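K.L.:
Output the structure for:
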Amino acid sequence: MGRTNYEVVCSVRTAAIVASANKELRKRILRRLRAQSWTVEEAMGGAEALSLVEAGAFGALLLDRWLPDLEVAELVEIVKARHPHVQVLLLGSEAEERCVVERLSQSESSRLDFPKAQEPQERETKAEGSREPHGSHPLLPFPTREGNQGWGDEAGGIATEIKREEPLPGMIGTSSAMQRAYHLARLVIPRDTTVLIMGETGTGKELMARAIHNLGPRSRQPFVIVNCAAIPETLLESELFGYSRGAFTGAFQSRLGRIHAAHSGTLFLDEVGSLPLAMQGKLLRFLQEGEVQRLGSPDVFRVDVRVIAATNVVLARALSEGRFNDALYYRLCVFPILLAPLRERRHDILPLATHFLEALCRGAALPCKSIPYEVGKALEAYSWPGNVRELKHIVERAFILSESGPMLRAEHIDLPR
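P.N.:
Numbering: from 1, shown residues only. Presented below is the predicted three-dimensional model:
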């Protein structure tokens, strides 16, 4: 039997996310809020916190003053724009933590009021006088972004102006969500840092991984893909680590695993959230030691690979449910990047559809077809549960139905009801 509207609203009011790279801070907040009967999820960074906000019903988001992957002010702006019902509170000192927990426990709804933001002149006056110690304000208010202007200095120097980012090779989209993803990718490209790309199926996680590899210092080395959801559990270990001759029935010759094949290059673990628990432990050992041991062989090989993982599963939730190894989670979630679903970046829909259509026309040696206004509006109005992949298939079908016509018509677009 489904929950009533009253039960849903109550669950939202008592569900919160605490986001911090500081494990001890997260534990303190979890303990305090759970003592007040709140349901609390943890996140190590901003991208993971945003993924949780968008995947569930939460009334509050508690943020550390510093996050390893996103600017705090940027994350606040995203949450305010997409989920205005979620109250965002800032954490810092122990006094702030107690204040936040007290306000949440006393609130009759998830909608807590922010204190009024200081005017710039007031802040300058205060700065010229005695400076207050870090964390002296119970809550730090954040400004809102005006139109398409960049970030100001309203967050006390935390926010910086958003720089317009060019799309990564193979990727299309100029929405703010994609620009943030491009920016994060370019920050991590020159490093060997482990990257976790999060997003729904069909959002372009593999394209992002390829771009990071192709633009990085390992671009001339192998890019090896392991689809953790597509390989049967019984074969996964031998696929990853390889095996020696006679290791099992049918092993007539030795074989290197895919980890070894990626030596000096990049190993892309797609759908890593689908890994069985037993295999998670073995993968964790490789990530910790940088060594692989083939099945049936005592020999251990050192392997130098850059690891990029991708998941359409909210790993923090899988972690809390006991479906994912916590140590492996922290090893993979060093630098998370979130790819927003297509329904949240509607301005990218028409450019993507045009790109797919032009590619189909070139492949068929036909003059370029057009997408009329009413068809474009219909595409933008659809929710795209299958994301970019679904859009590509819809455009391909419409291209075939249009035959030799100069444009795609409404009758060619078959959108599910």
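
K.L.:
Give the buried residues for the helix or strand L207 falls within.
P.N.:
Element membership for L207, per DSSP states H and E: helix 205-215. Of the residues in helix 205-215, 205-214 count as buried by neighbour count, 16 or more other Cβ atoms under 10 Å. Heads up, the C-betas are built off the backbone N, CA and C, glycines and all.

K.L.:
again with stretch 219-230
P.N.:
221, 223-226, 228.

K.L.:
Filter those residues down to the ones in strands?
P.N.:
Under the assignment DSSP state E, those contribute 223-226 to strands.

K.L.:
quick revisit: which one of the buried residues of stretch 219-230 is nearest to E403?
P.N.:
For those, the closest approach to E403 (Cβ to Cβ) belongs to I225, at 36.3 Å.

K.L.:
Which two of the ones in strands among the buried residues of stretch 219-230 have the greatest separation?
P.N.:
Between any two of these, the greatest separation by Cβ to Cβ is 11.2 Å, found for F223 and V226.

K.L.:
Spit out the residues that contact those two alike.
P.N.:
Here F223 and V226 have F268 as joint contacts, going by Cβ atoms under 8 Å, 6 or more residues apart in numbering.

K.L.:
re the thing from before, tabulate the buried residues of stretch 219-230 (CSV), appending pLDDT and distance to L357.
P.N.:
Output for those, formatted as CSV (pLDDT from 0 to 100; distance: Cβ to Cβ, whole Å):
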residue, pLDDT, distance to L357
Q221, 95, 35
F223, 96, 28
V224, 95, 32
I225, 95, 28
V226, 94, 33
C228, 92, 33
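
K.L.:
from those, which single one is nearest I371?
P.N.:
Distances from I371 to the buried residues of stretch 219-230, taken by Cβ to Cβ, are shortest for I225, at 32.4 Å.

K.L.:
mind listing what the nearest residue to the closest one once chain neighbours are set aside touches?
P.N.:
In space, and not counting its chain neighbours, I225 is closest to F268: 4.8 Å by Cβ to Cβ, 6 or more residues apart in numbering. Going by Cβ under 8 Å, 6+ apart, F268 touches 206, 209-210, 213, 223-226, 308-310.

K.L.:
A410 now?
P.N.:
Counting by Cβ under 8 Å, 6+ apart, A410 touches 374-375, 378.

K.L.:
which of the residues you listed are buried?
P.N.:
Buried among these by 16+ other Cβ under 10 Å: V375.

K.L.:
out of the contacts of A410, which are inside helices?
P.N.:
Among those, DSSP state H puts 374-375, 378 in helices.

K.L.:
Can you name the residues bridging to the residue nearest to I225?
P.N.:
I225, I308 (DSSP bridges).

K.L.:
how near is it to I212?
P.N.:
9 Å (Cβ to Cβ, to the nearest Å).

K.L.:
Touching the one helix or strand I400 maps to from outside, list them.
P.N.:
Take DSSP H and E as the rule and I400 turns out to sit in helix 387-401. With contacts defined as Cβ under 8 Å, 6+ apart, helix 387-401 is touched by 200-204, 341-342, 349, 352-353, 356-357, 360-361, 369, 379, 384, 386, 408, 411-415.

K.L.:
Just the CA trace of stretch 312-331, in PDB.
P.N.:
C-alpha atoms of stretch 312-331 as PDB (Å, rounded to 0.1, in the frame of the first residue of the first chain):
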ATOM      1  CA  ASN A 312      24.400   4.900 -12.400                       C
ATOM      2  CA  VAL A 313      23.800   3.700  -8.800                       C
ATOM      3  CA  VAL A 314      23.900   6.100  -5.900                       C
ATOM      4  CA  LEU A 315      26.900   4.400  -4.200                       C
ATOM      5  CA  ALA A 316      26.400   6.200  -0.900                       C
ATOM      6  CA  ARG A 317      22.900   4.500  -0.700                       C
ATOM      7  CA  ALA A 318      24.400   1.200  -1.700                       C
ATOM      8  CA  LEU A 319      27.000   1.600   1.000                       C
ATOM      9  CA  SER A 320      24.400   2.300   3.700                       C
ATOM     10  CA  GLU A 321      22.400  -0.800   2.500                       C
ATOM     11  CA  GLY A 322      25.500  -3.000   2.800                       C
ATOM     12  CA  ARG A 323      25.700  -3.600  -1.000                       C
ATOM     13  CA  PHE A 324      29.000  -1.800  -1.500                       C
ATOM     14  CA  ASN A 325      32.300  -2.000   0.300                       C
ATOM     15  CA  ASP A 326      33.000   1.100   2.200                       C
ATOM     16  CA  ALA A 327      36.800   1.100   1.800                       C
ATOM     17  CA  LEU A 328      36.300   0.600  -2.000                       C
ATOM     18  CA  TYR A 329      33.800   3.400  -2.000                       C
ATOM     19  CA  TYR A 330      36.300   5.800  -0.500                       C
ATOM     20  CA  ARG A 331      39.100   4.600  -2.900                       C
END
